[in-house]
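J.: sequence-free structure coming up:
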């Protein structure tokens, strides 16, 4: 099936929940949905068997600060769920505020999503509701709570302090 036809068929499945969409490349379609409609959209994609999940990625949208140091737009996190069918890629994108980074887990729909969910939990600070496993995946057990290395606000840690904690735990 032609890529454009695949993208259009995927878009039609979830059309009523789409806030906006964009085609950054000829074989890709980015679709934004609200947090409230996110799980319904995922359910529809799975039920209609439109492709398979290839990964989940995160994005930090830093707050916008004006010249007087006032926050004109609050910071947000964005989760991107990438699905593929043949050469077509649909990315379902959902934004959540820093102050409430909660999103429903999709592990009940796609069990293999757990590894990607664990990554965005520990690296970006998402709170995935009903995810079956929140064990650390990438960062050491001694990594401080509430410090997310892929957020734009992250600058550095006292690396020797982290390493010293790791060595005393061995």
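T.: It's in. Just so we're clear, the structure is a prediction, and the values are computed from it rather than from any experiment. Numbering: from 1, shown residues only.

J.: name the nearest residue to the residue nearest in space to the middle of the chain, sequence neighbours excluded.
T.: Within the chain, one residue has its C-alpha closest to the average C-alpha position: by C-alpha atoms, centre = their mean, that is residue 79, at 2.2 Å. Closest residue to residue 79 apart from its sequence neighbours, by C-beta to C-beta, 6 or more residues apart in numbering: residue 94 at 5.4 Å. Glycine gets a C-beta too; all of them are placed from N, C-alpha and C.

J.: how near is the one you found to residue 126?
T.: Computed as C-beta to C-beta, to the nearest Å, the residue 94 to residue 126 distance reads 10 Å.

J.: between those two, which contacts overlap?
T.: Residues within reach of residue 94 and of residue 126 at once, by C-beta atoms under 8 Å, 6 or more residues apart in numbering, are 79, 103.

J.: re the thing from before, what strands flank whichever strand or helix holds the residue nearest to the centre of the chain, and is each parallel or antiparallel?
T.: When elements are assigned from DSSP states H and E, residue 79 belongs to strand 76-85. Pairing partners of strand 76-85, with direction, according to DSSP bridges: strand 52-61 (antiparallel), strand 88-97 (antiparallel).
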